[in-house]
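Visitor: Turn this into a structure:
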Amino acid sequence: MPKKIIGLFLISILALAPTWAAETLKIASVQMPVSTKVEENLDKILGYVSQAANQEADIVLFPETALSGFDRETIESLDWSAL
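Guide: As a prediction, the model looks like this:
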């Protein structure tokens, strides 16, 4: 799995290179259901990045916990007083 994450990072950097001097950017925002399984989330993210690239998006935004899998139920179940 680390190879996929590194690959995603490198693809992101290469994809952004032409936008550094661009006057406009096309940004795609993704809202997606999140699993507690990182591999499953990564596969979804890669699919959405591919869709956004096909629509010529320069940047793709994902929810803060899209990869790690912390969903609302997990966050609400944490004992915040113990932290």
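Visitor: Where does pLDDT dip in this structure?
Guide: Scanning the chain for pLDDT under 70 picks out the ranges 1-2, 16-22, 71, 83.
Visitor: In it, where's the longest helix?
Guide: Using DSSP state H, we find that the single longest helix of the chain is helix 38-54.
Visitor: Buried residues in the helix or strand just after that one, which are they?
Guide: Remark: after helix 38-54, the chain's next helix or strand is strand 59-61, criterion DSSP states H and E. By neighbour count on 16 or more other Cβ atoms under 10 Å, the buried set for strand 59-61 is Val60. All C-beta spots, glycine's among them, are computed from the backbone N, C-alpha and C.
Visitor: contacting residues around strand 59-61?
Guide: The set of residues external to strand 59-61 that reach it, using Cβ atoms under 8 Å, 6 or more residues apart in numbering, is Leu16, Thr19, Leu25, Lys26, Ile27, Ala28, Ser29, Val30, Tyr48, Val49, Ala52.
Visitor: and if we set it to 6 Å?
Guide: For strand 59-61, the external contacting residues (Cβ atoms under 6 Å, 6 or more residues apart in numbering) are Ile27, Ala28, Ser29, Val49, Ala52.
Visitor: Setting the sequence-adjacent residues aside, check what's closest to Leu46.
Guide: Leu8 (6.8 Å; Cβ to Cβ, 6 or more residues apart in numbering).
Visitor: does the one you found belong to a helix or a strand, and which?
Guide: Using DSSP H and E, the element containing Leu8 is helix 2-16.
Visitor: Return the set of buried residues in that helix.
Guide: Of the residues in helix 2-16, those buried (16+ other Cβ under 10 Å) are Ala15.
Visitor: Restrict stretch 65-75 to CA atoms and write it as PDB.
Guide: Extracted in PDB, the C-alpha atoms of stretch 65-75 (Å, rounded to 0.1, in the frame of the first residue of the first chain):
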ATOM      1  CA  THR A  65     -10.500  12.000   6.800                       C
ATOM      2  CA  ALA A  66     -11.100  10.400   3.400                       C
ATOM      3  CA  LEU A  67      -8.000   8.200   3.500                       C
ATOM      4  CA  SER A  68      -7.700   7.300   7.200                       C
ATOM      5  CA  GLY A  69     -11.400   6.300   7.500                       C
ATOM      6  CA  PHE A  70     -12.400   8.200  10.600                       C
ATOM      7  CA  ASP A  71     -16.100   8.500  10.200                       C
ATOM      8  CA  ARG A  72     -18.600  10.500  12.200                       C
ATOM      9  CA  GLU A  73     -19.600   7.400  14.200                       C
ATOM     10  CA  THR A  74     -16.000   6.700  15.200                       C
ATOM     11  CA  ILE A  75     -15.300  10.300  16.100                       C
END
